[in-house]
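Trainee: take a look and give me a structure for this.
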Amino acid sequence: MPSIDLNRDYPSDVHIVRLGDRELILVGTAHISQKSVNLVRQVIENEMPDCVCVELDTKRYEALSKKRRWESLDLKELIRKKQLSTLLVNLMLASFQKKLGKQMGVLPGTELLEATRAAEENDIPIALCDRDVRVTLRRAWHITSLYRKGYLLANLLIGLFDRTEITEEKLNELKKTDVLSELMLEFGHALPELKQVLIDERDTFLAEKIKAVEGKRVVAVIGAGHVDGIKRALQEEKHAQLDEINTIPPVSPIWKVFGWSVPAVILASLGAIAWEKGSKVAGENILYWIMANGIPSSIGAMLALAHPLTIIAAFVAAPITSLTPVIGAGYVTAFIQAFVRPPVVMEFETVLEDMSTLTGWWKNRLLKIFLAFLLPGVGSMIGTWIGGYKIISNLF
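Mentor: This next block holds a predicted model:
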């Protein structure tokens with residue numbers, strides 16, 4: 001390999017790790033810093049490496065690189081696969097980054113996209129080395145307790161509507177680090193398990209993927225918050241952990257039992273009422289169950305200003321879906337809302353700005369689908385406990 005040390009006048013954000021006869025050049029970036037954008041291109045064009053690794057997975061790369069990426073999104077299929085929650089959390093995190101990016105004049109992830117452009121212009125192979133963002137988010141959600149899930153969502157919501165201007169000192173601090181990692185490290189004190197999935201596991205995953213690419217000189221463009229962890233992981237052999245940390249854990253059997261026990265108790269109670277008190281009393285209890293579930297769920301759809309068919313669907317679906325953990329009322333109402341009032345491309349493009357204002361959630365059709373998912377679901381949950389309590393009380 002020709003020596004190019006004389007040309008390596010790099011700032012401290014660039015780290016060179018030698019593994020045998022290989023050189024791995026780690027470029028630590030901030031995802032909303034023009035300085036990072038310029039540095040990435042400078043290093044790639046100076047090093048002319050055998051491969052450029054970027055901290056992206058396929059989905060995030062497509063989201064950054066395709067101008068009309070929303071046209072290929074099948075929203076109804078996404079709802080059928082129960083991935084609406086994942087999309088919502090993704091958008092909330094993206095909105096947080098974009099808000100910071102506006103103050104700095106650089107869109108989030110620009111330096112990652114710049115790395116791929118510089119590599120393509122110089123005919124250098126590109127490797128997407130990050131773990132699938134859906135796996136990351138679902139592992140994070142799985143490992144977090146119910147109480148801490150509420151804490152996380154509350155902080156994300158507060159961050160969405162926070163209008164506090166970031167101080168110049170904080171802006172300068174953020175320019176030196178990876179914004180998403182900075183956010184997660186703040187949560188890390190209260191949510192250490194979240195840091196484990198979002199930072200520590202990804203350090204291992206990225207390090208192993210970087211080591212696996214071909215070539216003696218490799219440039220890896222990664223968030224500054226990952227640099228130290230990746231440098232440590234590169235010196236260790238953790239390939240055997242990849243399958244484990246790249247798998248979505250199955251739902252706990254306890255939750256499955258609990259999910260089926262609620263409808264089982266309700267149905268058993270209705271059967272016992274019919275046996276002991278007659279079909280008329282059982283019919284009255286069934287009617288109460290329908291109303292207790294249908295009314296709160298349909299009110300939720302009304303609060304979302306959903307389409308009339310969605311409101312009707314909420315009333316019809318809630319009493320039925322409450323008796324099965326397979327699907328919730330929110331997925332039914334979201335699907336109907338997406339079918340009768342699909343968002344237009346422009347609303348996809350403005351969703352990150354719209355979700356940072358309260359009125360935007362009701363004006364943007366995509367966000368209204370989320371409201372039609374969440375509010376009827378909450379209503380159905382309330383109705384299940386009210387109706388269940390009443391039916392079990394009537395049994396005794």
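
Trainee: now the lengthiest helix in the chain: buried residues?
Mentor: Using DSSP state H to define each element, the chain has its longest helix at helix 365-395. By neighbour count, with 16 or more other C-beta atoms under 10 Å as the criterion, the buried positions of helix 365-395 are 365-384, 386-388, 391-392, 394-395. No exception for glycine: its C-beta is placed from N, CA and C like everyone else's.

Trainee: likewise for stretch 256-264?
Mentor: Of all the residues in stretch 256-264, those buried under the rule 16+ other C-beta under 10 Å are 262-263.

Trainee: mind checking the pLDDT average for it?
Mentor: For stretch 256-264, the mean pLDDT works out to 81.

Trainee: repeat that for stretch 358-378.
Mentor: Predicted confidence along stretch 358-378 averages 91 (mean pLDDT).

Trainee: show me the chain divided up by domain.
Mentor: Following automatic domain parsing, one finds the domains of the chain at 5-245, 253-395.

Trainee: which of those sits most buried?
Mentor: Most buried of these, by mean neighbour count (mean count of other C-beta atoms under 10 Å): domain 253-395, with a mean of 19.

Trainee: next one: that domain to chain centre, how far?
Mentor: Centroid separation between domain 253-395 and its chain, computed with C-alpha atoms, centre = their mean, to the nearest Å, is 23 Å.

Trainee: residue ranges for the strands of the stretch 151-300 of the chain, please.
Mentor: 217-223 (DSSP state E, counting those that start in this stretch).

Trainee: follow-up on the earlier one: which stretch in the domains of the chain has the least confidence?
Mentor: Taking each of those in turn, the lowest mean pLDDT turns up on domain 5-245, with a mean of 78.

Trainee: once you drop chain neighbours, what's closest to residue 10?
Mentor: Closest residue to residue 10 apart from its sequence neighbours, by C-beta to C-beta, 6 or more residues apart in numbering: residue 43 at 6.7 Å.

Trainee: pretty sure that neighbour is touching residue 15, no?
Mentor: No: taking C-beta atoms under 8 Å as the definition, residue 43 is not a contact partner of residue 15, at 10.9 Å.

Trainee: secondary structure class of the residue nearest to residue 87 when sequence neighbours are not counted, three-state.
Mentor: The shortest distance from residue 87 to any residue that is not its chain neighbour, by C-beta to C-beta, 6+ apart, is 6.4 Å, and that residue is residue 78. Per DSSP: H, G, I helix; E, B strand; the rest coil, the secondary structure class of residue 78 is helix.

Trainee: between residue 43 and residue 15, what contacts are shared?
Mentor: Residues touching both residue 43 and residue 15 by C-beta atoms under 8 Å, 6 or more residues apart in numbering: residue 25.

Trainee: returning to what we had before: give me the distance between the residue nearest to residue 10 and residue 115.
Mentor: As judged by C-beta to C-beta, to the nearest Å, residue 43 and residue 115 stand 9 Å apart.

Trainee: same check on residue 80?
Mentor: Note on residue 80: its distance to residue 115, by C-beta to C-beta, is 35 Å.

Trainee: one step back: secondary structure element for the residue nearest to residue 10?
Mentor: Taking DSSP states H and E as the definition, residue 43 sits inside helix 34-47.

Trainee: dump that helix to PDB, restricted to CA.
Mentor: As requested, C-alpha coordinates have been extracted for helix 34-47 and formatted as PDB (Å, rounded to 0.1, in the frame of the first residue of the first chain):
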ATOM      1  CA  GLN A  34     -21.600  21.300   7.400                       C
ATOM      2  CA  LYS A  35     -18.100  20.900   8.800                       C
ATOM      3  CA  SER A  36     -18.800  17.100   8.800                       C
ATOM      4  CA  VAL A  37     -20.100  17.200   5.300                       C
ATOM      5  CA  ASN A  38     -16.900  18.900   4.000                       C
ATOM      6  CA  LEU A  39     -14.600  16.600   6.100                       C
ATOM      7  CA  VAL A  40     -16.200  13.400   4.700                       C
ATOM      8  CA  ARG A  41     -15.500  14.400   1.100                       C
ATOM      9  CA  GLN A  42     -12.000  15.600   2.000                       C
ATOM     10  CA  VAL A  43     -11.100  12.200   3.600                       C
ATOM     11  CA  ILE A  44     -12.600  10.000   0.900                       C
ATOM     12  CA  GLU A  45     -10.900  12.000  -2.000                       C
ATOM     13  CA  ASN A  46      -7.600  12.000  -0.200                       C
ATOM     14  CA  GLU A  47      -7.600   8.400   0.900                       C
END
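
Trainee: ranges for the helices of the stretch 151-300 of the chain?
Mentor: Under the criterion DSSP state H, counting those that start in this stretch, the stretch 151-300 of the chain carries helices at the ranges 168-175, 179-188, 192-195, 201-212, 227-234, 242-245, 253-277, 279-303.

Trainee: same list (the ones you listed) but as CSV, adding distance to residue 39.
Mentor: Formatted as CSV, the entries for those read as follows, by distance: least, C-beta to C-beta, whole Å:
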stretch, distance to residue 39
helix 168-175, 12
helix 179-188, 16
helix 192-195, 26
helix 201-212, 18
helix 227-234, 13
helix 242-245, 29
helix 253-277, 46
helix 279-303, 48
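
Trainee: quick check: which of those is nearest to residue 323?
Mentor: Among the helices of the stretch 151-300 of the chain, helix 253-277 comes nearest to residue 323, with 4.1 Å by C-beta to C-beta.

Trainee: other SSEs contacting that closest one?
Mentor: Judged by 3 or more C-beta pairs under 8 Å, 6 or more residues apart in numbering; DSSP states H and E, helix 253-277 is in contact with helix 279-303, helix 365-395.

Trainee: any idea how far residue 202 is from residue 57?
Mentor: With distances defined as C-beta to C-beta, the gap from residue 57 to residue 202 amounts to 10 Å.

Trainee: between the two, which contacts overlap?
Mentor: Shared contacts of residue 57 and residue 202, defined by C-beta under 8 Å, 6+ apart, comprise 130-131.

Trainee: quick one, phi/psi of residue 324?
Mentor: Here is the backbone geometry of residue 324 (degrees, to the nearest 10): phi -150, psi 130.

Trainee: residues in contact with it?
Mentor: Neighbouring residues of residue 324 by C-beta under 8 Å, 6+ apart: residue 263.
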